[in-house]
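J.: Sequence unavailable; structure follows:
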């Protein structure tokens, strides 16, 4: 199983598009991808973001590795990153 962590802010204009794309792409992998959304406006989200050096939103980690900062990123790049993580 591949874990995607999406750090987002409720006031970020780009985060809804990123979260939507991630959900769409994750659904193509038949339950092999778990998506966790981390709200950086919460105490827990801020702690986790600081621990992972998140400096901007959206920031996307795939299996603990930072892959994308900011949006837009392409559906193809996201799929490729997931396929790479699945092949490990």
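T.: Looks like it came in fine. Bear in mind that the values here come from a model prediction, so they are computed numbers and not experimental data. Numbering: from 1, shown residues only.
J.: could you say what helices and strands the helix or strand that residue 67 is a member of packs with?
T.: Residue 67 is located in strand 65-69, with elements delineated by DSSP states H and E. Packing partners of strand 65-69 (3 or more C-beta pairs under 8 Å, 6 or more residues apart in numbering; DSSP states H and E): strand 59-62, helix 75-86. Using the backbone N, CA and C atoms, a C-beta is placed for each residue, glycine as well.
J.: Go through these and pick out the most buried.
T.: The highest mean neighbour count among the helices and strands packed on strand 65-69, using mean count of other C-beta atoms under 10 Å, belongs to strand 59-62: a mean of 22.
J.: before we move on, the earlier item: which of the helices and strands packed on strand 65-69 sits closest to residue 29?
T.: When the helices and strands packed on strand 65-69 are compared by C-beta to C-beta, helix 75-86 sits nearest residue 29, at 6.3 Å.
J.: Where does the closest residue to residue 36 other than its chain neighbours fall, secondary structure wise?
T.: Using C-beta to C-beta, 6 or more residues apart in numbering and skipping the chain neighbours, the partner closest in space to residue 36 is residue 5 (5.1 Å). Secondary structure from DSSP H and E places residue 5 in strand 2-8.
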